[in-house]
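Undergrad: Mind folding the following:
(chains A and B)
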Amino acid sequence: MNFDRHTDLSRRRLLGAGFAISGLALAGCASAPSSGPSIGRVVIIGGGFGGSTAAHHLKLWGGNVDVTLVERNPDFISCPISNLVIGGHKQMADITRGYDGLRALGVKVVQAEVSAIDAAGKKVRLAGGGELAYDRLILSPGIDFMLDGIGGLAAALDSGRITHSWKAGPQTVALRRQLEAMPDGGVFAMSIPKVPYRCPPGPYERACMVASYFKVAKPRSKVLVLDANPEITSKKGLFEKAFKDHYAGIIEYRANNELKSVDGTTAKLEFDDVKANVLNVIPPQRAGDIARSAGLVNMNDRWVGVNWLTMESTARPFIHVLGDATFPAPLMPKSGHMANQHAKVAAAAIIQLLKGEAVNATPVVMNTCYSFVTARDAVHVASVHQFDAKEMTFKTVPGSGGVSAAASQVEGRYALSWAENIWADMLAL
Amino acid sequence: MNRLPLAVLAALAFAAPHALAQDANLARNLAATCANCHGTNGAARGEMKVLAGVKADTLIAMINDYKAGTQPASIMHQISKGYTDEQIKLIAGYFAAQQPRK
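TA: Residues are numbered from 1 along each chain as shown, chains lettered A, B, ... in the order given. Modelled structure (predicted):
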């Protein structure tokens, strides 16, 4: 295992005048926040569920760690709950939160694009100029899209004719506007890529949310779900029941319908073409581009392999990777909730590595994913993953986890409370 | 503790103050897995149950009821079964020492 304890200690001793001798003693009592010299510099790229949580918990648990969070957007906009905005049940303000809570804890929030990671020199270069040196880097880049396999898609997304809306923000608004502008009796078609992709139940929740809008506002309209997978990939029985109970005659689900190309708002499949008024394509995905250019993508040419005790990349030392960009442990979903859990494993480990301590050998992560099936009713899937020291990976605990018995308003309220709590846990609200 | 690899045990044995810190961190780290729903340090908002300041015995009994199925739940009967009794004890001890939101 590459904990680099000794390397780190010697480097840290060089950090500041007067720190060399007292370094170990100070590290031992660093629980008092922001007192004494810094124990190290951590740069975090990406202020989503992973990166923000890491920033918060480095400050909460590490005291005087220098933490710089680099994020391209001025505010955090949540993917979870964004399908409710698309359905017209929530507004953008409901899913937007700021970084002031992290700033108040002493996190330096830099709004910038990263142009390159210099892994050998342990520096991050910013697109607008400037460099940030680090002792440990956390990369939580989310996903980027693989557009080459679907003819015409890149240009259609660029032109705004087709949306992905798989990163919340302007794309969320754009899809909502297209749905509002669509005539009653129109067809909304959405394409779902083969697994693995971010948020497995998300597409089916989206189908429900769009259908819930049509049911009230445009009852002659259709939702056509074109799924590249052989069946619904998450909460299958619960979504099938929702489609039947609430949206019979509105939602049509088609399995094994992989998108080949797009032409205008027509989806071209292997055997037929589907003309839509509004076409929403969730493209196939891979780790965020910055992970690729940094040489971190070492699994299936798509994802980043990590050491699960530290979240450190297996490709480059001193770089810890979180969330959707990672090659997952068995049955570990790509979710914001899981990215938050990754971040806590990383934050705890990085503080210990900076102090020259042993890292937690028995980490646990868990996932809860709520999906709305109507404006008020939600369903969940949950799992608990314990570290398996023999196989050096997380494994779900037999007999634990599962899905809702049925959709309910109680779970709808829990889903919204989940969002408030996890946003606060990330952003120190 | 019996699940720690030798290297970790050795590191703990040679660094007594750190060994204590490691134990404290374990409870903290486990409790942090609950925070997504129950708030940072158990100081939940909205409809989620506040765990901060709940007596350890009360929380342990509650979790055991979820595990046994004697307390109906929407989700906690599934999540509670993912944690060992020892882990639940550590989590409960940690939350008992926390403050709810003012």
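Undergrad: tell me the SS of whichever residue of the stretch 201-350 of chain A sits closest to chain B?
TA: Of the residues in the stretch 201-350 of chain A, the one nearest chain B is residue A:344, at a distance of 4.7 Å by C-beta to the nearest C-beta. Using the backbone N, CA and C atoms, a C-beta is placed for each residue, glycine as well. Per DSSP: H, G, I helix; E, B strand; the rest coil, the secondary structure class of residue A:344 is helix.
Undergrad: just the helices in the chain please.
TA: Because you didn't say which chain, this covers chain A. In chain A, the helices defined using DSSP state H lie at A:5-13, A:19-28, A:49-62, A:82-86, A:100-104, A:153-159, A:170-181, A:202-217, A:236-247, A:289-293, A:336-355, A:409-427.
Undergrad: Hmm, no, I was thinking of chain B.
TA: With DSSP H as the criterion, chain B has helices spanning B:6-14, B:16-32, B:35-38, B:56-68, B:76-79, B:85-96.
Undergrad: between those, which gets the lowest average pLDDT?
TA: Set side by side, the helices of chain B give their lowest mean pLDDT on helix B:6-14, at a mean of 45.
Undergrad: Neighbours of the residue of the stretch 201-350 of chain A closest to chain B, how many?
TA: Neighbour count of residue A:344, defined by other C-beta atoms under 10 Å in any protein chain shown: 28.
Undergrad: by contact count, what packs against the strand ranked longest in chain A?
TA: Longest strand of chain A, by residue count under DSSP state E: strand A:378-388. Where contact means 3 or more C-beta pairs under 8 Å, 6 or more residues apart in numbering or on different chains; DSSP states H and E, strand A:378-388 is packed against helix A:236-247, strand A:364-372, strand A:393-396, strand A:402-403, helix A:409-427, helix B:76-79.
Undergrad: if you set the cut-off to 10 Å instead, what comes out?
TA: Secondary-structure packing of strand A:378-388 (3 or more C-beta pairs under 10 Å, 6 or more residues apart in numbering or on different chains; DSSP states H and E): helix A:202-217, helix A:236-247, helix A:336-355, strand A:364-372, strand A:393-396, strand A:402-403, helix A:409-427, helix B:76-79.
Undergrad: confidence score at residue A:393?
TA: The score at residue A:393 is 98. That number is its pLDDT.
Undergrad: partners of it in the sheet?
TA: Residue A:393 forms beta bridges with residue A:388, as assigned by DSSP bridges.
Undergrad: how much space between it and residue A:309?
TA: Using C-beta to C-beta, to the nearest Å, residue A:393 is found at 10 Å from residue A:309.
Undergrad: What of residue A:224?
TA: Counting by C-beta to C-beta, the gap from residue A:224 to residue A:309 is 45 Å.
Undergrad: same question, residue A:196
TA: 23 Å.
Undergrad: ok, now residue A:186?
TA: 51 Å.
Undergrad: ok, those two, which is more surrounded?
TA: Taking other C-beta under 10 Å, residue A:186 and residue A:309 do not tie; residue A:309 has more neighbours (23 against 17).
Undergrad: thinking that one is in contact with residue A:388, fair?
TA: No - contact criterion C-beta atoms under 10 Å: residue A:309 and residue A:388 do not qualify, at 11.2 Å.
Undergrad: and the closest residue to chain A within chain B, how many residues sit next to it?
TA: Minimum separation of chain B from chain A (C-beta to the nearest C-beta) falls at residue B:82, amounting to 2.3 Å. Per other C-beta under 10 Å, the neighbour tally for residue B:82 reads 23.
Undergrad: ok, now which ones touch it?
TA: Residue B:82 sits next to A:364-366, A:382-386, A:396-401, B:33, B:67 when contact means C-beta atoms under 10 Å, 6 or more residues apart in numbering or on different chains.
Undergrad: what does residue A:136 give?
TA: A:4, A:8, A:40-44, A:58, A:65, A:122, A:310, A:312, A:317-320, A:346, A:349-351, A:353-354.
Undergrad: among those residues, which are in reach of chain B?
TA: Counting by C-beta under 10 Å from any C-beta of the partner chain, A:349, A:351 from the contacts of residue A:136 sit close to chain B.
Undergrad: Please pick the buried ones from the contacts of residue A:136.
TA: Among the contacts of residue A:136, those buried by neighbour count (16 or more other C-beta atoms under 10 Å in any protein chain shown) are A:8, A:40-44, A:58, A:65, A:122, A:310, A:312, A:318-320, A:346, A:349-351, A:353-354.
Undergrad: so what's residue A:388 up against?
TA: Counting by C-beta under 10 Å, 6+ apart, residue A:388 touches A:308, A:329, A:330, A:394, A:395, B:3.
Undergrad: swap that for residue A:118, please
TA: Contacts of residue A:118 by C-beta under 10 Å, 6+ apart are A:124, A:125, A:131, A:133, A:134, A:294.
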